[in-house]
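In: Pasting the sequence and the predicted coordinates here, then a few questions.
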Amino acid sequence: MYSEDDLLPISGLQHVLFCERQFALIHLEQAWAENLFTAEGKILHERVDAEGHESRRLFRQEYAMSMRSLEHGLIGKTDLVEFYLKPEGGVAEAVPVEFKRGRDKEEDWDRVQLCAQALCLEEMLGITVARGDFYYFGAHRRTHLEFSAELRAATLTAIQRARAILAGERTPIARYAKAKCDRCSLIDLCMPRWTAGGGKRVSQFIAAELEAGREGCSR
C-alpha cells in the first residue's frame, strides 16, 4: 500500500507511454508549457467539468470526480463516472467516461489512462469495473472499451515504468520523432534535435548560443 504522499497522477501514465522524456520533464523536473493542443484540451475539460450532475432513480452522473488507489499508488480526477444503482441500495456498475479532443488512437495511451481510473474505482467501491467509454470530439461519437486482462497488465506495466523513472531521478535522453516531438508542448524545453545525440550535440548547441550572443553584442 502506498502512502498519500507517494501517489502517482493518473495523467502521468499517458505521459510515460507517449514519451518517457516528457514524463520525466513534467514529473521529475516540474517543467510544463502550453501549446495549441494542450490549451484546447484544457478548455475542453473545463467545459465538461462545468456540466454538473444528472440523477435519476437508479442512475447518477458525477463529473470531475476525484479518485485514488492506495494499492496501485494512483491519484487523479475523471471527467465523468456513470453509476448504475441497485434497487436495494449500493452501486451495481460504474462506468468511467473520458472526453478527448481529436480521434481514437492506435496506441494505448488513452486506454491505459481510462483503465487506471477503473482500478481506482474498483478499490473505492469494492466492485469490478468491466468497461469504460470515450467521447472523442473529433469523431463526435462515443466508443466503448472493455478492461481486458491484457489492458490491465499493460496499465500495471506503465505504472511500474513511471515509478522506475521517478525512483531513478534521471531524465531519459531525447529521441527525436517528428510526429510526436513537433506536436509536444515541451519541445522548446526538451530540445530533442540537440539532445538526442548526447553530450557532443549539447556542447555544439551551447557553443552556437554563445557565438550568437557574441555576435549580438558586437552589433
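Out: Done, it's in.

In: Need the CA coordinates for stretch 93-109. PDB is fine.
Out: The C-alpha coordinates for stretch 93-109 follow below in PDB (Å, rounded to 0.1, in the frame of the first residue of the first chain):
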ATOM      1  CA  GLU A  93     -22.000  -0.800 -12.100                       C
ATOM      2  CA  ALA A  94     -19.600   2.200 -12.500                       C
ATOM      3  CA  VAL A  95     -18.500   3.400 -16.000                       C
ATOM      4  CA  PRO A  96     -15.700   5.900 -16.200                       C
ATOM      5  CA  VAL A  97     -16.000   8.200 -19.300                       C
ATOM      6  CA  GLU A  98     -13.200  10.300 -20.700                       C
ATOM      7  CA  PHE A  99     -13.700  13.200 -23.100                       C
ATOM      8  CA  LYS A 100     -10.900  13.700 -25.600                       C
ATOM      9  CA  ARG A 101     -10.000  16.100 -28.400                       C
ATOM     10  CA  GLY A 102      -9.200  14.500 -31.700                       C
ATOM     11  CA  ARG A 103      -9.900  10.900 -32.600                       C
ATOM     12  CA  ASP A 104      -9.200   7.400 -31.300                       C
ATOM     13  CA  LYS A 105      -5.600   6.300 -31.400                       C
ATOM     14  CA  GLU A 106      -3.900   3.100 -32.300                       C
ATOM     15  CA  GLU A 107      -1.600   3.400 -29.200                       C
ATOM     16  CA  ASP A 108      -2.800   2.500 -25.700                       C
ATOM     17  CA  TRP A 109      -2.100   6.000 -24.200                       C
END
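
In: what about M124, which helix or strand?
Out: In the assignment (DSSP states H and E), M124 maps to helix 109-125.

In: ok now that helix, how far from the chain's centre?
Out: 12 Å (Cα atoms, centre = their mean, to the nearest Å).

In: pLDDT (mean, whole number) over it?
Out: For helix 109-125, mean pLDDT rounds to 97.

In: ok, and what's touching that helix?
Out: 10-11, 13-14, 17-18, 67-72, 74, 76, 78, 81, 91, 94, 96, 98, 100, 104, 127-129, 132, 134, 145, 147, 151-152, 154-155, 158-159 (Cβ atoms under 8 Å, 6 or more residues apart in numbering). Just so you know, the C-beta spots here come from the backbone N, C-alpha and C atoms, and that holds for glycine as well.

In: Please point out which parts of it sit buried.
Out: 110-125 (16 or more other Cβ atoms under 10 Å).

In: Could you do stretch 60-71 as well?
Out: For stretch 60-71, by 16+ other Cβ under 10 Å, it's R60, Q61, E62, Y63, A64, M65, M67, R68, S69, L70.
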